[in-house]
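**Q** Quick one, structure for this:
(6 chains)
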Protein chains: 4
Amino acid sequence: MAQGGKQRGNSEKRRRILDGALRAFAKKGFYNTKVSEIASEAGVADGTIYLYFKNKDDLLISLFEDRMEWINNRLEQELENLEGGFEEKLHGFVRMHFLLVLENRDLAEFITVELRQSAKFVKEYDNPKFGAYLKILQSLIEEGQASGELRDDLDSRIMSRAIFGALDEVLLQMTLGKTKPEDVEVRTRMLSDILLHGLCKR
Amino acid sequence: MAQGGKQRGNSEKRRRILDGALRAFAKKGFYNTKVSEIASEAGVADGTIYLYFKNKDDLLISLFEDRMEWINNRLEQELENLEGGFEEKLHGFVRMHFLLVLENRDLAEFITVELRQSAKFVKEYDNPKFGAYLKILQSLIEEGQASGELRDDLDSRIMSRAIFGALDEVLLQMTLGKTKPEDVEVRTRMLSDILLHGLCKR
Amino acid sequence: MAQGGKQRGNSEKRRRILDGALRAFAKKGFYNTKVSEIASEAGVADGTIYLYFKNKDDLLISLFEDRMEWINNRLEQELENLEGGFEEKLHGFVRMHFLLVLENRDLAEFITVELRQSAKFVKEYDNPKFGAYLKILQSLIEEGQASGELRDDLDSRIMSRAIFGALDEVLLQMTLGKTKPEDVEVRTRMLSDILLHGLCKR
Amino acid sequence: MAQGGKQRGNSEKRRRILDGALRAFAKKGFYNTKVSEIASEAGVADGTIYLYFKNKDDLLISLFEDRMEWINNRLEQELENLEGGFEEKLHGFVRMHFLLVLENRDLAEFITVELRQSAKFVKEYDNPKFGAYLKILQSLIEEGQASGELRDDLDSRIMSRAIFGALDEVLLQMTLGKTKPEDVEVRTRMLSDILLHGLCKR
DNA sequence: CATGAATGAGCCTTCATTCAT
DNA sequence: TATGAATGAAGGCTCATTCAT
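**A** Residues are numbered from 1 along each chain as shown, chains lettered A, B, ... in the order given. The predicted model follows:
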């Protein structure tokens, strides 16, 4: 599932369709995007889409899987390269989240806007790849707790969602406005800072 | 705007329609809900909806306005009654947010799921009532900064969004699962705690 | 029939509705005119129309009857007052047709545009008042034939229609463009002239 | 314009739709004909119509263009083959008008009934092909005037409309009743006769 | 594999008509 | 009589999906 029709691991055309869909969904949202628009964006015929995806829903889900997997991979890889303790790791995580997603503005729009909507109303899809994202964050927190850097009176499952929510909402704001590169740094610092030390003066 | 058709004093039917729409949207999402379903949910004829709202989009927007206004009013009112400094106020804010929205499960679904989608794709609607919500949060932060309780190296506009994002995401999780009353308290404490003092041990 | 609901020979309101309908139909045509537009044009409530007319079709038909009867009466009355032979009478007829209808521009639009459409598709209505109009013309021709002024190798039924057709089409042209009073005289002379003596030089 | 959607070389389906529309409009009139009826009359799916025409209005206009162009072509072609002076030409014109249109009874209904209605209320359409028809008639008259056969105190623009009006109205009568072939000849003779020489005895 | 014309189910919206006041 | 809010049947149009080429 989430890989309808034939699937040939990855053809050039399948990729073109996913890319086209991302552009189209980012511009007008899932429900306002016609399959024919995706097709023309991808430079293929309408019918071709159905050779690679079972239907429009499946295309959406596949796109999620694809992009979330890419994000997760990049995130984990960066995280491994990160020296230092929890503070550095969280800071790096926030920064990567922003950079990765903003690297492709359409991806930002897509993630911030479609994730929730779709998660709930597209079939019974439970979005495993987003689950994996949360797991990464959760593991990070649990590591911090294990190493004694973090308070252990916090439920890592809830915390990971809260952090994602904060990141995502700030990202949405950045997406809608026009974010300059330095803004990313400012927001990264600000967010990782309050996540680590809170709003209060110490 | 956000008030199509006539409206008369007979606001009773208008209310029934808004209530029906909330139930329907919560159940299936805006785009999967038929106008006729809203009508039957509201106990009116299809055509009646168009006496009170210009079209389906207008109904969605009106519903936002209506509910956000209700939330904002309740929130401000509670905030005034709150004794104590910033810590107490933020705690109260988080608690109220959760309670108000969970008081009506449909409202929770609606807010967490439709807010973003709609904000971007329904006409040029810029969602002033959500803006007002953020203003309340922002003012709260600025008060804290003025009173010296809060760090003033933080941009209140960004912080308010981060906080909303965190609340909203955790709320989504609560909505999807089955939250017991005590869970609300746990999460309230947890969230206001890390927002105030961060994840790190002090 | 053609006088639905109650009918009280003629109430002030019935008249207002017919007048409003004429204005509305002239402006947008029967099928593009909403009953509510007629009502507001007439200054009555929507429902009031149904106290005087069975339905929208009946209103159209009644309007025809009313206006054609008015035209017929005026026409016959003028014709009686006309001195001279057939030539004068036909000339007078043409002139009256133009003047009467152009006296009220809306009436002109209504007659030229709705007459045919409606005659055929509104119920089985066979438009007796238009039949009466043709009868007047036909009688005129037959008188001329009887008095020996007119050729009697012509079928008066067909001729009456041909004459009406010519008048009506020229009227349509006048209606669409902006006709000055002197244009009416010019066209009257031209039309009665060729009807009497033909296009050829003698 | 007047050519919505795509159109491809597959003009066969486009033709089927136009034919179906003609039948349907003739039977019930434009406003009483459902798009789905046209589709079934044409033997295509409802949606197919929108591949060839922008909407129902565009279909009507396109049908006009198509049929009037056909009439105009046939008319001009016949006119060229006609020997003799103005009398013969006008006679031929009248005859052709009747024959062409009656050749297809539906076309007769369509032309006589929908032409005016539509001309005025369907968008801003100014019906160029009907203008071309009038031009043919007008040129015919002007030729007659140039050759000295016709009186030159007549405005050819007005005359062409009057003639069309007469023809059209008589045609309407023929359409509604049952015309036998010999009737066409009788009416042709009668009409061209009075147009040429008038109603009066000479 | 690829195409894109064709399909037809489905939905939003309109508006003639009704009826409680 | 008069009103106008309410009704709900009806229809134009869209668009995801199919399938013959």
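**Q** A:Glu88 should be in a helix, yeah?
**A** Yes - counting by DSSP: H, G, I helix; E, B strand; the rest coil, A:Glu88 is part of a helix.
**Q** what's it in contact with, if anything?
**A** Shown in contact with A:Glu88 (Cβ atoms under 8 Å, 6 or more residues apart in numbering or on different chains): A:Leu82. For the C-beta atoms, the positions are set from N, CA and C on the backbone; glycine is no exception.
**Q** do the same with A:Thr48
**A** Neighbours of A:Thr48 in contact, by Cβ under 8 Å, 6+ apart: A:13, A:17, A:39.
**Q** distance of the closest residue to A:Lys135 other than its chain neighbours from A:Leu167?
**A** Ranked by Cβ to Cβ, 6 or more residues apart in numbering or on different chains and with sequence neighbours excluded, the top spatial neighbour of A:Lys135 is A:Ser160, at 8.0 Å. Per Cβ to Cβ, to the nearest Å, A:Ser160 is found 11 Å from A:Leu167.
**Q** In chain A, where is pLDDT below threshold?
**A** By pLDDT under 70, the weakly predicted segments of chain A are A:1-10, A:119-124, A:199-202.
**Q** Near DNA strand E, which residues of it are found?
**A** A:6, A:8, A:11, A:13, A:44-48, A:50-51 (Cβ under 7 Å from any atom of the strand).
**Q** Mind doing that once more with 6 Å?
**A** A:6, A:8, A:11, A:13, A:44-48, A:51 (Cβ under 6 Å from any atom of the strand).
**Q** Now do the host helix or strand of A:Leu191: which elements does it pack against?
**A** In this structure, A:Leu191 sits in helix A:181-197 according to DSSP states H and E. The helices and strands touching helix A:181-197, judged by 3 or more Cβ pairs under 8 Å, 6 or more residues apart in numbering or on different chains; DSSP states H and E, are helix A:86-103, helix A:156-176, helix B:156-176, helix B:181-197.
**Q** centre of the chain versus the shortest one, how much separation?
**A** To tie it back to what came earlier, the one meant is helix B:181-197. 18 Å (Cα atoms, centre = their mean, to the nearest Å).
**Q** How about that helix, which residues are buried there?
**A** For helix B:181-197, burial by neighbour count (16 or more other Cβ atoms under 10 Å in any protein chain shown) applies to B:184, B:187-188, B:190-197.
**Q** got it, and the second one?
**A** By neighbour count on 16+ other Cβ under 10 Å, the buried set for helix A:156-176 is A:156, A:158-175.
**Q** quick one, it and helix A:86-103 angle?
**A** Going by axes from the mean of the first three to the mean of the last three Cα atoms, to 10 degrees, helix A:156-176 is angled at 40 degrees with respect to helix A:86-103.
**Q** Dump helix A:156-176 to PDB, restricted to CA.
**A** Extracted as PDB, the C-alpha positions of helix A:156-176 are listed here (Å, rounded to 0.1, in the frame of the first residue of the first chain):
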ATOM      1  CA  SER A 156       8.900  11.800  25.800                       C
ATOM      2  CA  ARG A 157       5.900  11.000  23.600                       C
ATOM      3  CA  ILE A 158       4.100  14.100  24.500                       C
ATOM      4  CA  MET A 159       7.200  16.200  24.400                       C
ATOM      5  CA  SER A 160       8.100  15.100  21.000                       C
ATOM      6  CA  ARG A 161       4.700  16.200  19.700                       C
ATOM      7  CA  ALA A 162       4.900  19.500  21.500                       C
ATOM      8  CA  ILE A 163       8.300  20.200  19.900                       C
ATOM      9  CA  PHE A 164       7.100  19.200  16.500                       C
ATOM     10  CA  GLY A 165       4.000  21.400  16.900                       C
ATOM     11  CA  ALA A 166       6.100  24.400  17.900                       C
ATOM     12  CA  LEU A 167       8.500  23.900  15.000                       C
ATOM     13  CA  ASP A 168       5.800  23.300  12.500                       C
ATOM     14  CA  GLU A 169       3.800  26.400  13.500                       C
ATOM     15  CA  VAL A 170       6.800  28.600  13.400                       C
ATOM     16  CA  LEU A 171       7.700  27.100  10.100                       C
ATOM     17  CA  LEU A 172       4.200  27.900   8.800                       C
ATOM     18  CA  GLN A 173       4.700  31.500   9.700                       C
ATOM     19  CA  MET A 174       8.000  31.500   7.900                       C
ATOM     20  CA  THR A 175       6.500  29.900   4.900                       C
ATOM     21  CA  LEU A 176       3.700  32.400   4.600                       C
END
